[in-house]
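Novice: Sequence below, structure please.
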Amino acid sequence: MKTTARTSRSTWLFAGTMLLSAWLVFLIQPMLGRMILPRLGGAASVWITVSLFFQIALLAGYFYAHVISARLRPRAQMAVHAALAIAALMLLPVVVPESWVPPAERPPQGDLILMMAMTVGLPFVVVAATAPLLQRWYSLTGARDAGDPYFLYAASNLGSLAALILYPLLVEPELGLKNQSWFWAATYIALLAGLIACGWTTLRQSGTAVPRADPAIDAQPAPDWKRRLHWLALAAAPSSLFLGVTLQISTDIASVPLLWILPLMVYLLTFVIAFARKPLLTRNAVVRTIPYAATIAVLTAGFETSIGLPQIAVGIALLFLLALSCHSDLVALRPAPRHLTEFFLLMSLGGALGGLFNAVLAPLIFPGVYEYPIAILAAIALWAIGRGTDTKAWLNWKWVAAAVVLFLVLRFALAIASGHGALQWMVAVKAAAALICFAARRKPAAMALLAAAILAAGSDISLRPELARYRSFFGVHRIEADPTGYKVHFLMHGNTTHGAQSMDPERRREPLLYYARSGPAGQAIEALRGAGRLSPVGVIGLGAGAMACLSSAGESWTFFEIDPAILATARDPRYFTFLNDCAPDAKVVLGDGRLKLAAQPDASYRLLVLDAFGSDSIPVHLLTREAVDLYLRKLQPGGLLLLHLSNRNIELLPAVARLATDRGLVGRWQFFPGEPPEGSLISPSEWAVLARGEPDLGTLAADPRWQKLPPLTEARVWSDDYVDILSVIRWPWK
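Specialist: Below you'll find the predicted structure:
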């Protein structure tokens, strides 16, 4: 009875300390991401790079844990870990240096990772090493389940989930970033107390009983390189898949912690289920779902023109099933406890390799987000390998030939449908291919080969012919041509059109879409011009350069653009000529609009236009209290702030109304329904205008097309410390 009580107390102590370490690991990730986001224009790739850094740091922590557990006795391990943990205290609380500004002349990933390493590297490595070290120490105690301590990893991931759930719901809304950093430091000190207690328990109980190992695990031979490579692959594929889903969500809705966290929570939940003593979903149950998941994946992946909340839900479901399949196989292949730290080291290395592939390699070698379908395919292939598929099955000439034929037929059919803008035919063709794939579900290798053919053929489906495609840190951009004969070029990012220009010489200087002269932007600019109060003008966001054609001779216009690739496209006469035709002398400043605007003299502009987007997502750091204060400093007395709010997924007007009231501003807004016919290319758009007082609005104040800002709700004002995206999402049921 005494032994049972001692065992229970030891188990709860180790599980609680591991949970606390995991809480710290995943609390700091969205916190640091929020600190960095405004420095890089709110780009979705910021979180992908932040995730990569933490995967590398996690790998460093696991490597350190493996080395000291393999080379040092328990007492020495504890002394070294304690010394390192105390040294890390000197770097707390975590802050991003005020002087750090990302480079505008080169991709920022390297500089960003280096800054994070210097800021939080050592504390994070200490915390990350805690999980494998504590599991190894637990295996040395007299606890009855010390022979198979892997169940503690499930407790660790519960701590991770708790951090990710509570961060957007409680920590971020209630604590500013500075207070969050101090809170993390205080919790780190609590972790040190837990480590001391676990170390003392290990030394006291070590050797008092013989751990009863799981016979099936303990009888396994030492892992060979083939098995180690299998571990790597089973960890890398889900890591890449979760980052692919995250990039999709962050690009097409918003790049904020709430939406970063959702895929990460699902990813970690698969670890919790897979490593639990009694999983909620058994490995066999998961295996049976994969053919269905694979069929859905090959049907939905690749439609860059149709990503929205429903397809994101599908992506989350696929992530759960495919990652759980890989992690369940990983658990089935776990080694005896004496190889535990090596197992977690290689698992961490696989995760880091998946992150490296998405954050660094893919943007360099792929013109589109092809890493997402590649990760899906890798998970399906690993499912097939886990079912005992041998080399002969992969080389079966009948299935290889079928895959090649399916690829060629599907590619040809999709190209024809795309050229005619026939979305319904594209869906029908892919559905037929997906059914063929599902029909091969009883032959895993065949299904994987057919899935590869479908994903390769339909990984970048567009409704219009593409003239060019390029990728930068800030996303994938496509230049498409109208197939219906209007001679129009479109600038696309994700699933959103960011500019369009007619190549007809008679219409080439006509701004289209959201920037039509008859629309809100044209109305506001013409009203200010008529009152002699327009120039100088500052515009945050360049796009195809359409707003340049709302300018007139003799006016001073400055555009702020974060992506050099966008500037190159706007100035390339093969695609767009707005800048060259309408404002060849306009100044273009490269870099984040908020940072670069801050460097301009105060009272520089009579009109500031906020028109920065990433796909359908506006960088939220441009709509905070601090951002509005900056705009007001840069506006001359009587100046106006014009904001483009068009968005399919987020209703930004309430946030703008609260900002206006908070800063003592007045405003108007307008939803413009567009103009028929379809060939006119004057699309619906939503804009707001803010001013210090009613007289500054001029004729817009009495214009019936412009309405007063809506009444306020009780929600908090957005700031650099606080953003509540959940409350402004346009949910399907609204």
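Novice: Against which helices or strands is the helix or strand encompassing residue 468 packed?
Specialist: Residue 468 belongs to strand 466-472 when assigned by DSSP states H and E. Judged by 3 or more CB pairs under 8 Å, 6 or more residues apart in numbering; DSSP states H and E, strand 466-472 is in contact with strand 475-481, helix 564-570. Every C-beta, even on glycine, is put in place using the N, C-alpha and C of the backbone.
Novice: Domain ranges for the chain, per the record?
Specialist: 1-208, 237-336+362-463, 507-728 (automatic domain parsing).
Novice: would you list these in TSV and tack on distance to residue 231 and mean neighbour count?
Specialist: Formatted as TSV, the domains of the chain follow (distance: least, CB to CB, whole Å; neighbours: other CB atoms under 10 Å):
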stretch	distance to residue 231	mean neighbour count
domain 1-208	12	19
domain 237-336+362-463	7	20
domain 507-728	36	19
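Novice: Kindly reformat these as CSV containing distance to residue 479 and mean pLDDT.
Specialist: As requested, these are exported to CSV (distance: least, CB to CB, whole Å; pLDDT from 0 to 100):
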stretch, distance to residue 479, mean pLDDT
domain 1-208, 20, 80
domain 237-336+362-463, 11, 78
domain 507-728, 5, 86
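Novice: that older thread, residues of the strand holding residue 468 that come out buried?
Specialist: By 16 or more other CB atoms under 10 Å, the buried positions in strand 466-472 come out as 466, 469, 471, 472.
Novice: my guess is the second one meets residue 480, correct?
Specialist: No. When contacts are counted by CB atoms under 8 Å, residue 469 is not listed as touching residue 480 (9.2 Å).
Novice: Just put the helices and strands packed on strand 466-472 in JSON lines and tack on distance to residue 56.
Specialist: Compiled in JSON lines, those are given as follows (distance: least, CB to CB, whole Å):
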{"stretch": "strand 475-481", "distance to residue 56": "23"}
{"stretch": "helix 564-570", "distance to residue 56": "27"}
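Novice: quick one on the thing from earlier: hey, C-alpha coordinates of the strand holding residue 468 in PDB?
Specialist: C-alpha atoms of strand 466-472 as PDB (Å, rounded to 0.1, in the frame of the first residue of the first chain):
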ATOM      1  CA  GLU A 466      -1.800  32.100 -65.900                       C
ATOM      2  CA  LEU A 467       0.700  34.500 -67.400                       C
ATOM      3  CA  ALA A 468       3.200  34.300 -64.500                       C
ATOM      4  CA  ARG A 469       3.500  33.000 -61.000                       C
ATOM      5  CA  TYR A 470       6.100  33.900 -58.400                       C
ATOM      6  CA  ARG A 471       6.600  33.400 -54.700                       C
ATOM      7  CA  SER A 472       8.300  35.500 -52.000                       C
END
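Novice: what does the longest strand seen in the chain contact?
Specialist: If you go by DSSP state E, the chain has its longest strand at strand 635-644. For strand 635-644, contacts defined as CB atoms under 8 Å, 6 or more residues apart in numbering pick out 514, 521, 524-525, 528, 533, 541, 603-611, 613, 623, 628, 631-632, 656, 685-692, 695-697.
Novice: at 6 Å instead, please
Specialist: Identification of contacts with strand 635-644 by CB atoms under 6 Å, 6 or more residues apart in numbering yields 524, 603, 605-611, 631, 687-691, 696.
Novice: do you know which of the helices and strands packed on strand 466-472 lies nearest residue 410?
Specialist: Of all those, strand 475-481 sits nearest to residue 410, with 20.4 Å by CB to CB.
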